[in-house]
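**Q** give me a model of this one.
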Amino acid sequence: MIEFTLWDILRNLALALRWTVALSLIAFIGGGLVGGTLLCLRIGLGRKTQRLIGAYVALFQGTPLLMQLFLAYFGLALLGIEVSAWTAASLALTLYTSAYLVEIWRGCVEAVPRGQWEAARSLAMSFGEQLRHVILPQAARLAIAPTVGFLVQVIKGTALASVIGFVELTKAGGMIANASFKPFLVFGCVALFYFALCFPVSLAAQHLERKQHGRAA
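**A** Here you go, the predicted model:
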């Protein structure tokens, strides 16, 4: 039996941590791009498009992320589309993230006073100009804190990618625990790594929220 020291455990978990960070960034950036596109379509187009995007949001918010990962990995394979665990996890987490971000950002847009829309229209701005120059800059300031806060959920959500074989922090922890027969120590270290990732993000979100409230006051 191979003897694992604490250093061996930490070193191997730190290597796996890179993939957790990479997957989180891909899901967050990709989800932001998809969510931003859906937000603009939801605001600018008719009721039919709004209902379709609303159904998209309800689907991904109303089903477990675990199921979405299974469908992305095994479901696509049944359709004859072979994808790696990395690709499936990136796709599922991106769609999951986009569904939440579009709702967060929609709420921020709706929080902008209606008088701002009317003032922009009185200046003969087109709808795109109203969004670009008046509405979205104000909504963006409101959206920073909840958006950063949601990143914590994305980071923790990457742990579920282990079920389809993607070797990130949780999967690596399980493999090391099985090899070392030290599950409490290993998963304690895994928890500390997640805490080290999520706690600074949570502090940043709280700081931004206090700063935003201070400006509003």
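**Q** quick one: average pLDDT of the longest helix seen in the chain?
**A** Taking DSSP state H as the criterion, the chain has its longest helix at helix 6-44. Mean per-residue pLDDT for helix 6-44: 93.
**Q** mean confidence for the helix or strand that that helix is followed by?
**A** The helix or strand immediately downstream of helix 6-44 is helix 47-61, counting by DSSP states H and E. For helix 47-61, mean pLDDT rounds to 91.
**Q** numbering from 37 from now on, please.
**A** Sure, I'll start numbering at 37, so the last one becomes helix 83-97.
**Q** quick check: phi and psi on Val148?
**A** Val148 adopts backbone torsions of phi -70, psi 130, taken as degrees, to the nearest 10.
**Q** so it sits right up against Arg177, yeah?
**A** No - using CB atoms under 8 Å, Val148 is not in contact with Arg177, being 9.8 Å away. C-beta coordinates here come from the backbone N, C-alpha and C atoms, glycine included.
**Q** quick check: Arg171 touching Gly151?
**A** Careful, residue 171 is Ile and not Arg. No - using CB under 8 Å, Ile171 is not in contact with Gly151; the gap is 11.5 Å.
**Q** those two: who's more crowded?
**A** Ile171 (19 against 8; other CB atoms under 10 Å).
**Q** nearest spatial neighbour of the more buried one, chain-adjacent residues omitted?
**A** Val148 (5.4 Å; CB to CB, 6 or more residues apart in numbering).
**Q** distance check, that neighbour against Leu114.
**A** 44 Å (CB to CB, to the nearest Å).
**Q** out of these two, which sits in the busier spot?
**A** Val148 (17 against 8).
**Q** can you pull out the strands in the chain?
**A** Counting by DSSP state E, the chain has no strands to list.
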